[in-house]
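Peer 1: whatever this is, show me its structure:
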Amino acid sequence: MTGADTPGGSVRPATPHDAQAIASVHVATWRHAYAGLLPDDLLADLDAGQWAERWRGRLAEREPVPGLFALVFESGGRVRGFVSGGPDRDGRPGGEVYAIYVDPDFQGRGAGRRLMGAAVRGLAEAGFTEASLWVLARNRPSRAFYESQGWRADGTEKPFMFDDSGRSASEVRYVRNLDPGAS
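Peer 2: Numbering: from 1, shown residues only. Below is the predicted model:
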């Protein structure tokens, strides 16, 4: 998955140097997208510095898992969004989009579509013929975005445990065929 220039920005592989920027987008987007869906105290306590350390570790792995990727959307010299994915984390055959987030101040400009397109191509290039992703059941804007990109809910739900206290929210699984020969 090489960087592809597009009007308004480009998608490229993420590097450990992007960790702080990815974490900032991650935290800002959680606070924006999950307001009213996750507890206010959880969102207020998010720490971009801690998330940056986790991202730095993931991006610096010397022997990455085959098919694992992290991409950023860069515009104006700034990371405005990211997507990550790889093999399905639940052990199902196929790939998975683990996360896709675009800075709330940059949404609606095509970055999400470009990131999702790159993720789908990357999963297909890694040999996966299908993919999944998880989204909060009550996150209507994200669900509408995924559906506009060819994903469909498959009826599977599970709790998303967002802290150690046992608090959770319901997630639904979306799936998509990646086989270019399928109709």
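Peer 1: so where is the chain shaky, pLDDT-wise?
Peer 2: Filtered on pLDDT under 70, the chain yields the residue ranges 1-7, 62-63, 180-183.
Peer 1: quick one: the strands in it?
Peer 2: 4-6, 9-13, 69-75, 78-87, 95-102, 130-136, 152-161, 168-177 (DSSP state E).
Peer 1: chain center to the fifth one: distance?
Peer 2: This means strand 95-102. Put simply, strand 95-102 sits 2 Å off its chain's centre (C-alpha atoms, centre = their mean, to the nearest Å).
Peer 1: direction included, what does that strand pair up with?
Peer 2: Using DSSP bridges, strand 95-102 pairs in its sheet with strand 78-87 (antiparallel), strand 130-136 (parallel).
Peer 1: what's the answer for the last one, then?
Peer 2: Paired neighbours of strand 168-177 in the sheet (DSSP bridges): strand 130-136 (antiparallel), strand 152-161 (antiparallel).
Peer 1: need the winner for burial among those.
Peer 2: strand 130-136 (a mean of 20; mean count of other C-beta atoms under 10 Å). Quick note: C-beta positions are derived from backbone N, CA and C, even for glycine.
Peer 1: isn't residue 134 right next to residue 160, touching?
Peer 2: Yes. Counting by C-beta atoms under 8 Å, residue 134 does reach residue 160; the two are 7.3 Å apart.
Peer 1: which residues do these two both contact?
Peer 2: residue 171 (C-beta atoms under 8 Å, 6 or more residues apart in numbering).
Peer 1: picking up where we left off before, among the strands paired with strand 95-102, which comes closest to residue 104?
Peer 2: Closest approach to residue 104 among these (C-beta to C-beta): strand 78-87, 10.2 Å.
Peer 1: what sits up against the closest one?
Peer 2: 9, 14, 18, 21-22, 24-26, 58, 65-74, 95-103, 106, 111-112, 115-116, 118-119, 122-123, 126, 128, 131.
Peer 1: pull out the buried residues from those residues.
Peer 2: 9, 14, 18, 21-22, 24-26, 58, 67-74, 95-103, 106, 111-112, 115-116, 118-119, 122-123, 126, 128, 131 (16 or more other C-beta atoms under 10 Å).
Peer 1: right, I'll call it a day here.
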